[in-house]
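Novice: predicted structure and sequence below. I'll ask about it afterward.
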Amino acid sequence: MANDSKAAEEELSRLLKNPKKRVQGRSDDLDEQMKKLEFRRNTTSMTLNDEKKLLRDIETIKLLKVELVEYEEFNTRVQYLKDKKKSLFDTLKQAEAQEKELQLTLRKLRLAETLNVSIHQFETISITVPRDKMGLVVGKGFAKLRQLEESYNVLLDVEAVVSCTSTPANNAMIESALDSIATATLHSVAVRPDTLKLLMIQKGKHLKALEASCFVKIDVNRADNVISFTSSADRVDAVQRAIKVLTTSSVTIDVPQDVLPKLIGKKGEVISKIMEDSGALLDIDRVVNSLRIIGPLESVQIAQTAVEELIYDQGASTIAVYATDETYFGRWDAQRFPIFVEYLMVDKAVRLRDLRKDAQDCRLQVVKVELSPTGNRTQLEALKAAMQKAVAEFNANVVSFDVDSNCLSLIIGKKGAKIKAIEKESGGARINITGNTVSVLGTKEQSSSAVALVEEIVANNQRVVVHASPHLVPLLLNNKRAKLNEIEQETKSSIQLPQAPPKKTKHHADVAITITGTTAGIEKAALLLEALNRAHQVVYLPLDQDEVTIVIGKKGETINKLQADTGCQLRVLDADESSPSRELQLAGSEEQLALATAAIDVLLNSSHRQLLSFDDFATGVIIGRKGEQINKLREEFPNVSIDAFPHGQVRVKGASKDLVDSAVAAILDLLQTTTVQESVKLPVDSRQTFDAYVRDPATSLYISELEAEGAVKAVVVDEGKLVKIRGYALGVGKLKRFFEMVTEAHVAVSIPLPSAAHVASLKGSSNEGIHENVHQIMKQTKTVIRFKNDKKSYSGVVLSIEGPSLPKVLEAKHRVEVVLQFFFPTHFKVLSNVPQSSIARVFQTLPLVSKFNAILSLGSKDSIKIFTDSEANTAVVHKTLQDSLRAHLREYKDVAIPSYLAPILVGKNGDTIKRLSAESQATGANIKALQAEYPGLQIDFKKVDATGEGCVSLKGDKAAVASAKEWMDEKIAAAVATQRDYQKRQQAQAAFNLVADEKAKQAEAVERANAAEIEETKPKAKTGVYVPIGGEVKLNKTQRRRERKRAEKQDSVLSMLVGGHDSQRGGSTTYGQASSSSAHAASGGYYHSPDGYSLRL
């Protein structure tokens, strides 16, 4: 039937779309007209034109008849289809009515089954609802109607009235509900803007839930932040409670600027997903980059967790990564970090861009030896693999080695011509120079070729510094540099003399002569210069005024005779303004100087005189500030004359040998017991720091060896730019010269050789005068190794190792010692397990074993290497040092104390711990009393940097040490007990504060609960606009004008806002209620100014 109806409908529509032309008249009339015209044509005589006209009329009539027939057939068909459609529609309507009746019956049956009653118990009633309230009953898409049916278990049918079918009890309830709807009024509630956003998120998810739970239909006015609904008065409270529960919790999170776009996501996908999963509102304030999460407590917690995880994953953070960090760089030479940076920056930083790409665009910043990456957690994790990959490529493609600074200009060439030629000749290798380090970048073949070319330049331009007397310089420059040119031509090397000091400057120290050339040429030139220096040595003898007259003689006869007899040149120097004494300069070979010195001693009868030579630093200690120290010595020895001279000489002259020996002993004791401090500062333009040297294990070990030899201590301060040396005067000078040498571009260390056999083993049989193993060490470490005469060495020869890089020089020194140990394994022995505090003591015993030609050096932090000229001597020295160490350990007691006890036991005037005493401001009474009771007892305080613990060392007589240790243990125990009591008091106070905080929190929770109960018991208005749930009412211009007029009639603004519970304000009752609420809740009162701002009271 439905198909027939549809077919008839379609055909009727098609016919009516193209209707036939309407024709006036009837078919019979047309036939009658046509007969008349035929009759006339057959019976009447007419002209041809009249006949043609008659025929046309007949033809026209025939056409009209055809159109008329078609039009009648069209009308007949249309009428037939209309009748058929009507018949089918009536039939369908009857079927629908029957179906509706059946459905209603079925619904009744289902409802009866639900209510477990008989269908005969149902009754149908009619409820009248005003037409304007009918929409509240039906709802959009009958949603409200279905909701009422499900809630009250009734069947509702809406026509002009509402028909309700159910049990009498259910009918009574639905009738009451519909009466409430019928009598409902419009209510408006002002809410906060964020509350309104919360209701509208996720396509009104919370708004729909609110409507379903409160049985209201809510309209939202976003412009005024107001929700409106029509309901009875009791529904208003339910809506307010539901909104309050919905916005019960809120959290504000500060979001980094770079995380905000990732939190929002593409087209808001991320933030929408978080809101969908949690059901909370995420509101972003871009002004302060903060995120406010609003919603139920559980939803807020879920959203907060998701946001914090996102910030942790995507938030950019900056960390410090040092070159020694194996997590990022792996195992590599951290000293090559600056070269690695240059490697990344080559070719317009293409490798740096690749590194950032592999690290997911992580930002990188380099500061000295520190890398500061900035990125999120994923980027930082990716950076580890990317950095290790870059380091692996760097190690595979870059060859680095240090060269002397004088070779750099030769490698670069004029305007970079030489370095470009090397790159071209090597086939495309890239050469980069950073400081004194040359780095070669390229394939294996390219790197090998470029390194060979650079090494050839370096090998032909090695550099050695020879220290000689300043009197050698004029000798070399005499006769138009004849001697200097002769040596250069003979050795095929270049010799550079130092610049002459200003004439007013008294420069008496040795000068440094630089030799440049091949290794063989350098060795030969150095030997010639040293031989020339030995043949023209200069010494100075201080003379008093009466002695000057004796040495010169009448008209210079005596001094001329001395020159003729000894062959030594003698010259009396002019007197210094500050000293009445004068100096005699002797120039010649060692033999000539010895003869001249002996002849002068006989001439002056100076058997009761000693001449001591020291470095400038030790001489300054003997003189003291403004001559204080030397004056004390003169007062102590009144019968002895003690004078200091510019060339580091101290003359001691007395009436007898015993007096002179006593004064000399006092001077040496002064130098060995006086603690002084000296500092060495890096040049301003230096790129290195002392910290870099100290961190290197080999350099640190060598510095520790120098400290032990001189009984001094070096500390690096001022961010590695300054090193302070503290210790005895005789030991400070050597360590100071070492650090000064480090600051220069040339470093030299020496290995003393105990015997001629050791010298011969290292010389080997090669033409270059050096063993092939040593020559290989020179080549690999880029250093110069040569033999050098030295009277202080047992063999008279030391092996000098020189180069531009201290680590490479020390590496060469270690490898040469390995070669010596290979040739003479029995000449070496190691004293192991030496405590740090005893190393200096062992080195101080070196003079006792000097007769065995012993040389000591640090093998590691707790071992000392012994090197002598024979196996027997090595064994004797090892046993002697072992016995000395055991005796030292028996006398030397270490008492471990907590670090906080050191200032208590020290004193303000402690000589060895001034820094600790300055921090603690102690009096030193305990230490002074202990030292007064046990004369000769030495007390030393130290702090172990690794553990942070303090250590007290006692040194002296066994009985005194034992008694002092017992006394010290008692003091420490008392101090520890005092500290424990203090800690207990602190813990008790902390526990009391914790309990007080808990009580305060409980009290605050009770106050909030009471405030919530008061809020629930507040009187509510029945109609009008309601105050915000946790916010203020937004008033329009008219409302603000009305509020101003009301305020003018009140005694004060506050009385207007607070009001009473019985306030009646007509149609604006809500405002009076809002004011009343503010009397009970601190956050409820607001004054709205005419200018648009709100004042919270």
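Specialist: It's in. Numbers count the residues shown, from 1 in each chain.

Novice: what sits against the most centrally placed residue in the chain?
Specialist: Nearest to the mean C-alpha position of the chain, by CA atoms, centre = their mean, lies Ile319 at 2.2 Å. Ile319 sits next to 372-373, 380 when contact means CB atoms under 8 Å, 6 or more residues apart in numbering. To be clear about C-beta, it is placed using only N, CA and C from the backbone, and glycine gets the same treatment.

Novice: what helices or strands is the strand or helix carrying Ile58 leaning on?
Specialist: Counting by DSSP states H and E, the element that carries Ile58 is helix 48-115. Applying 3 or more CB pairs under 8 Å, 6 or more residues apart in numbering; DSSP states H and E, we find helix 48-115 packed against helix 2-17, helix 27-43, strand 155-158, strand 162-166.

Novice: what is the neighbour count of Asn533?
Specialist: Neighbours of Asn533 under the rule other CB atoms under 10 Å: 20.

Novice: so how far is Lys782 from it?
Specialist: Per CB to CB, to the nearest Å, Asn533 is found 27 Å from Lys782.

Novice: hang on, the earlier thing: quick one: the contacts of Ile319 as TSV, columns for distance to Asn225 too.
Specialist: Formatted as TSV, those follow (distance: CB to CB, whole Å):
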residue	distance to Asn225
Ser372	47
Pro373	46
Leu380	44
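
Novice: can you give me the helices in the stretch 451-600 of the chain?
Specialist: 472-491, 519-535, 545-552, 557-566, 590-604 (DSSP state H, counting those that start in this stretch).

Novice: ditto for the stretch 751-900 of the chain
Specialist: Under DSSP H, counting those that start in this stretch, the stretch 751-900 of the chain gives helices at 756-763, 772-781, 806-823, 836-844, 871-891.

Novice: tell me which of the ones you listed sits nearest to Lys492.
Specialist: Evaluated over the helices of the stretch 751-900 of the chain, closeness to Lys492 peaks at helix 772-781, with 18.3 Å, by CB to CB.

Novice: just the pLDDT for Leu905.
Specialist: Here, the pLDDT recorded for Leu905 equals 52.

Novice: now Ala655
Specialist: At Ala655, pLDDT is 77.

Novice: any idea how far Val664 is from it?
Specialist: Taking CB to CB, one finds Ala655 at 15 Å from Val664.

Novice: more crowded one of those two?
Specialist: Val664 (18 against 11).

Novice: quick one: residues in contact with whatever helix or strand the more buried one lives in.
Specialist: In this structure, Val664 sits in helix 657-673 according to DSSP H and E. For helix 657-673, contacts defined as CB under 8 Å, 6+ apart pick out 607-610, 612, 614, 618, 621-622, 629, 633, 636-637, 639-640, 642, 650, 652-654, 728-730.

Novice: next: stretch 443-457.
Specialist: 397-399, 401, 403, 407, 410-411, 418, 422-423, 425-429, 431, 438, 440-442, 779.

Novice: so which of these sit within strands?
Specialist: Residues of the contacts of stretch 443-457 located in strands (DSSP state E): 398-399, 401, 431, 438, 440-441.

Novice: looking at the residues you listed, point me to the pair that's furthest apart.
Specialist: Maximum distance among the ones in strands among the contacts of stretch 443-457 (CB to CB): 13.2 Å, for Phe401 and Leu441.

Novice: so between the two, which is more surrounded?
Specialist: Legend: neighbour count by other CB under 10 Å for Phe401 and Leu441, higher for Leu441 (24 against 18).

Novice: give me every residue that touches the more buried one.
Specialist: 343, 346, 397-398, 429-432, 447.

Novice: how close does it get to Asp325?
Specialist: 24 Å.

Novice: the nearest residue to Phe637 once chain neighbours are set aside and Phe645, how far apart?
Specialist: Distances taken as CB to CB, 6 or more residues apart in numbering put Ala663 closest to Phe637, at 4.6 Å, once the chain neighbours are dropped. To Phe645, Ala663 is 16 Å away according to CB to CB.

Novice: swap in Lys203?
Specialist: From Lys203 to Phe645 the distance is 101 Å (CB to CB).

Novice: check Ala526 too.
Specialist: 30 Å.

Novice: those two: who's more crowded?
Specialist: Ala526 (23 against 20).

Novice: tell me the contacts of the closest residue to that one other than its chain neighbours?
Specialist: In space, and not counting its chain neighbours, Ala526 is closest to Val466: 5.3 Å by CB to CB, 6+ apart. Counting by CB under 8 Å, 6+ apart, Val466 touches 512-515, 526, 529-530, 533.
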